[in-house]
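In: Fold the following.
(4 chains)
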Protein chains: 4
Amino acid sequence: MTTVAYIGLGAMGLPLAMHLVRKGFDVIAYDIDPTRADEIVALGGRKAGSVAEAARDVEVVITCLPATPHVEAVVLGPDGALAQMKPGTLLLDMSTIDANGTDRVARACAEKGVAFVDSPIGRLVLHAERGESLFMVGASDEDFARVEPLLNAMGKDIMRCGGQGMGSRMKLVNNFLLLTIAEVSAEAVALGTRLGLDIETILKVTGSTTAQNGQLHTLMVNKVLKGDTTPGFTIDLAFKDMTLAMTAAAEYRMGLPVGAAAHAVYGGARAMPEFAKKDYSALLEWACRNAAVETPRTS
Amino acid sequence: MTTVAYIGLGAMGLPLAMHLVRKGFDVIAYDIDPTRADEIVALGGRKAGSVAEAARDVEVVITCLPATPHVEAVVLGPDGALAQMKPGTLLLDMSTIDANGTDRVARACAEKGVAFVDSPIGRLVLHAERGESLFMVGASDEDFARVEPLLNAMGKDIMRCGGQGMGSRMKLVNNFLLLTIAEVSAEAVALGTRLGLDIETILKVTGSTTAQNGQLHTLMVNKVLKGDTTPGFTIDLAFKDMTLAMTAAAEYRMGLPVGAAAHAVYGGARAMPEFAKKDYSALLEWACRNAAVETPRTS
Amino acid sequence: MTTVAYIGLGAMGLPLAMHLVRKGFDVIAYDIDPTRADEIVALGGRKAGSVAEAARDVEVVITCLPATPHVEAVVLGPDGALAQMKPGTLLLDMSTIDANGTDRVARACAEKGVAFVDSPIGRLVLHAERGESLFMVGASDEDFARVEPLLNAMGKDIMRCGGQGMGSRMKLVNNFLLLTIAEVSAEAVALGTRLGLDIETILKVTGSTTAQNGQLHTLMVNKVLKGDTTPGFTIDLAFKDMTLAMTAAAEYRMGLPVGAAAHAVYGGARAMPEFAKKDYSALLEWACRNAAVETPRTS
Amino acid sequence: MTTVAYIGLGAMGLPLAMHLVRKGFDVIAYDIDPTRADEIVALGGRKAGSVAEAARDVEVVITCLPATPHVEAVVLGPDGALAQMKPGTLLLDMSTIDANGTDRVARACAEKGVAFVDSPIGRLVLHAERGESLFMVGASDEDFARVEPLLNAMGKDIMRCGGQGMGSRMKLVNNFLLLTIAEVSAEAVALGTRLGLDIETILKVTGSTTAQNGQLHTLMVNKVLKGDTTPGFTIDLAFKDMTLAMTAAAEYRMGLPVGAAAHAVYGGARAMPEFAKKDYSALLEWACRNAAVETPRTS
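Out: Numbers count the residues shown, from 1 in each chain, chains lettered A, B, ... in the order given. Model prediction:
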């Protein structure tokens, strides 16, 4: 069985790493918080004291980290993973980072003869725990064949998006779309509420036309409309992902007029300390507050 | 069986009126284009030479007209329907008009002792033809009981939205939501295409996460992504409906920051004669043109 | 001397009518609030009990009213001015209304053989009081010659903008420009304040580059930056004028992407009762509140 | 007289460096294009073969470079200026870069005992040539005293904006304000043109009210309205500066709703190759094209 280093045991990374151990892979895990690896050890995995130690003698290094600077530091830094990796090994980055960052890491790997695959994660923590994650994979055919057993062990829907870097790009587009729809849905519900419609009517009607969408009818009905705005995915992180899209649009020379407006709303909402750390479905609370109406709740 | 005047035999009105005739209602039909009523007559209905003639001796008058000024002229004008209607009869307006217009018509009816129900139509012409329309009904319990058999004869999903005027308001919110999502989807697909993703990948991935929505995954896959931008629902009409939402927001004193941006995009697209009359799914062509990429097509 | 009916003695209308009386014109004045004409009478003018009485026997009728519906009611209504005006007389409308409204009134005048000039007022109440108003005049050469002495008596800068209706259009563009710059200035000052710059620095530097503008460097320094947000020109009225621009853009088929965003900000600010009635320079307070910083004041 | 290294002899840097030589400072100049220093030598200055050579033995190093990465490379890189500078010397950065970049350079200087002043340049190349530049200076009192003679030799309006980093921040706010007003002015002129107003009327009226601003009434009248869109300051560079503002807003947790819309317009305009390299006053051409009207020209 392949030997794997798993670096980054956050809300997403830990359950994915645990699936690998359970499926019989030889996993050596590392997180800056050393207690995070305890569950891996309990399942029969190993624990490393540093990135370098984790990466030293494995066939595949997996990284699952918060943002571009973390990935660059962990992979490219002087004590980073790449310095330890031998030609012929493979780096699988599952972080959501900017496409340029992905490209820089891919180039650095290529210079060392290390294969590289980007495979950001779709869906939520609860799906990760159940082994129902979706992966957006950017890889050559050859590299994909090497990571496919790992991805199958960790999740359910393995979606190839093109060559190196295209997983990262697909993730960016997917999150841009869903995060902007979340704000649109918030505005529509706030407007309806202001006009005197009750939330059950709004949900029933919009759910029966092509207004139907996963943000209002899957996310919000399970979160903010039940009064639950514990994150999930914070407004701060949503803003980070919207910024990735705006930055990509800038680099590729195009405007996103409605996306820019949504980006500004996220930017404004997180100016308020009580919103920045809420689940992003709390945009509905934000829209209702700005419209001077009570946020509706389903009964 | 109830006697019904049906005024306005457009793309939506004609098939709905035909369902009534087929289901045995005594229908007298009128349209400014007198040939439109021929199909009603062929099915066994009657044809009126004027609004006044149609409205004179019936229990229910149904109006299905393009915009607020048409409804006000046909109902409230000197030769209009209301002048002919007896106390105790009922007006059922199925047009999509602004909420203030609905309220003015409702008040005029009340002054004459005429009952009023607003019930704009959801879904597309093809659904109207199949008897699968959705109706958003604003009515008191008593009035609803009177129109329910008619609505059941014309469509499938009869959704009560509250008292008088709330059908009109629900329609406005529903279209605001779906039209804004259409533009968001157009931007996301244009961005993805610019980043090098192919359209099948974009559709597959976004359709498997909470980015899923009826505009991209139901409308666009059947229209613009197949290269078909024949209307459907034109960008001009979509702009009209977005304007209804912006106007309602203004009257109810709230901002719609992302909606305003989408409204401006529709406004800009229809500045171009070749776009104004296209199906609104052609927003994708607009976004791609502005991003200097080819509009993707599914194979 | 020309006999003049002056209808509408608001904050702008009254001082302008008073200039006419002082300069020797025979003025008969009317306002829905009958006490408003007392100052006209004190100066030697006359007072009418109704619009019809005012308009009956004069050569020129001047209207100075809040919005399109008021002008249409006062001029075109059954007891309105036009019904009393003889062929060859002239209507001078100084209200800020939508261009379509101006066109409708102009056409109704033409049908009766009444000349029509639109001449909305620029600058502030204090300028009107000092006789320093600016007028944006839409008129034929012939009609302009007739109103020029009146305009010279009321104000200082008489600016011809083209034929009938072009005064109304110029006013709309002028207010669109200044109101949008006001919001831009509010955002820039809020940003600078958030970044730690003091207001004197911001004013000094921006006032020395092409960032210089009349909203920040003339209006705001005299109003909100001194802590004074008494209107002036309320956010509600500013929103009305922004809406005129958005409506005109819609009718003339063009998008205003940044204007739309500014319109939405005005729309959001007036959702808050404490902002709707403030001077529009209070947009700076709104922007600072949204940025969670204190509104700066000059010392 | 102080010995000065001047690094970066672009459109702005070269004329500023030449003023220093003319005023008697001992200047050693460097640019990646070695021919750029020839004019310095012709005036009696010296020329260095590398950044390191320039920075080695001087009291003050001045940098005037395009963007953040250039400044970081030239100052902090392994062959950069800071490695050569002795404790007690001073770095004066005149580039327009992001505030974080300024802060990073300032910290690196502090660690080496090198003083640091940020002083971006306001106004245009023609002003730089005439010695009429405006400088926005972030410096302690002590450091300011050291650079004041240099700044006085190079320009006219020396504006202190606060301590280290505040010059950089003021520049960002100033450009955000003026660039957004440019787009607002473009939309207003396009709207007026669409409504049939001629450009002389628009300029005359807006220039006589608080709509007056330096973008329309100083920049555009001298550039695009005369048919001249040679840069000046390109749309690409304007987009870069707008991005600095959006990034700063993000870091300081605030939304810029109208600024975001303007940023998106710049982003869209530069998608078109023929616009990206034009002077940013060509936004008027962009707005007119989108409104399907001819760009007006003054005669």
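In: domain ranges for chain A?
Out: A:3-163, A:169-291 (automatic domain parsing).
In: from the stretch 1-150 of chain A, which residue is nearest to chain C?
Out: A:Pro69 (22.3 Å; CB to the nearest CB). Every residue, glycine included, has its C-beta placed from N, CA and C.
In: what is the mean pLDDT for the host helix or strand of that residue?
Out: Element membership of A:Pro69, judged by DSSP states H and E, is helix A:68-76. Taken as a whole, helix A:68-76 carries a mean pLDDT of 95.
In: and the next helix or strand after it, which strands flank it?
Out: Per DSSP H and E, the first helix or strand lying C-terminal to helix A:68-76 is strand A:90-93. With DSSP bridges as the test, strand A:90-93 is paired with strand A:60-63 (parallel), strand A:115-118 (parallel).
In: and those as CSV, adding mean pLDDT?
Out: Formatted as CSV, the strands paired with strand A:90-93 follow (pLDDT from 0 to 100):
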stretch, mean pLDDT
strand A:60-63, 98
strand A:115-118, 98
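In: Between the ones you listed, which one is closest to B:Gly45.
Out: Nearest of the strands paired with strand A:90-93 to B:Gly45, taken as CB to CB: strand A:115-118 at 63.6 Å.
In: Any buried residues in that closest one, and which?
Out: A:Ala115, A:Phe116, A:Val117, A:Asp118 (16 or more other CB atoms under 10 Å in any protein chain shown).
In: Next, the contact list for A:Phe25, please.
Out: A:Met1, A:Thr2, A:Thr3, A:Val4, A:Leu150, A:Ala153 (CB atoms under 8 Å, 6 or more residues apart in numbering or on different chains).
In: switch to 7 Å and redo it
Out: Contact analysis of A:Phe25 by CB atoms under 7 Å, 6 or more residues apart in numbering or on different chains lists A:Met1, A:Thr2, A:Val4, A:Ala153.
In: Now which of these would you call buried?
Out: A:Thr2, A:Val4, A:Ala153.
In: Give me the subset of those that lies in helices.
Out: A:Ala153 (DSSP state H).
In: Which one of the buried ones among the contacts of A:Phe25 is nearest to chain D?
Out: Using CB to the nearest CB, A:Val4 comes nearest to chain D of the buried ones among the contacts of A:Phe25, at 35.4 Å.
In: Mind listing the residues bridging to the closest one?
Out: Note on A:Val4: beta-bridge partners A:Val27, A:Val60, judged by DSSP bridges.
In: can you tell me which helix or strand the residue of the stretch 51-200 of chain A found nearest chain D belongs to?
Out: Closest contact between the stretch 51-200 of chain A and chain D, by CB to the nearest CB, is at A:Glu183 (11.7 Å). For A:Glu183, the enclosing helix or strand under DSSP H and E is helix A:166-194.
In: now the angle from that helix to helix B:166-194?
Out: 170 degrees (axes from the mean of the first three to the mean of the last three CA atoms, to 10 degrees).
In: Is helix A:166-194 in proximity to chain C?
Out: No - using CB under 7 Å from any CB of the partner chain, helix A:166-194 stays clear of chain C, with a minimum separation of 8.8 Å.
In: if I look at A:Ala262, how far off is A:Leu283?
Out: Distance of A:Ala262 to A:Leu283, computed by CB to CB, to the nearest Å: 9 Å.
In: Number of residues surrounding the residue nearest to A:Arg146 when sequence neighbours are not counted?
Out: Among residues not flanking A:Arg146 along the chain, A:Leu90 sits closest, at 5.7 Å (CB to CB, 6 or more residues apart in numbering or on different chains). The local packing of A:Leu90 (other CB atoms under 10 Å in any protein chain shown) involves 22 other residues.
In: ditto for A:Asp141
Out: That count, for A:Asp141 with other CB under 10 Å as the rule, works out to 8.
In: can you list residues touching both of A:Ala262 and A:Leu283?
Out: Common contacts of A:Ala262 and A:Leu283 (CB under 7 Å, 6+ apart): A:Glu183.
In: will you turn the buried residues of strand A:115-118 into CSV that also has distance to B:Val189?
Out: Below are the buried residues of strand A:115-118 laid out as CSV (distance: CB to CB, whole Å):
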residue, distance to B:Val189
A:Ala115, 31
A:Phe116, 27
A:Val117, 25
A:Asp118, 21
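In: ok, those residues vs A:Thr96, which is closest?
Out: Relative to A:Thr96, the closest of the buried residues of strand A:115-118 is A:Asp118; by CB to CB it sits at 9.8 Å.
In: Close to chain B: what parts of the stretch 1-150 of chain A are there?
Out: Near chain B, when you scan the stretch 1-150 of chain A using CB under 7 Å from any CB, you find A:Ala99, A:Gly122, A:Arg123, A:Leu134, A:Met136.
In: what helix or strand does the last one sit in?
Out: Assigned by DSSP H and E, A:Met136 belongs to strand A:134-138.
In: what's that strand packed up against?
Out: Here strand A:134-138 touches strand A:115-118, strand A:121-122, helix A:141-154, strand A:157-162, helix A:166-194, going by 3 or more CB pairs under 7 Å, 6 or more residues apart in numbering or on different chains; DSSP states H and E.
In: Deepest-packed of those, please.
Out: helix A:166-194 (a mean of 28; mean count of other CB atoms under 10 Å in any protein chain shown).
In: Next, the angle from it to strand A:157-162.
Out: Going by the same axes, to 10 degrees, helix A:166-194 makes 110 degrees with strand A:157-162.
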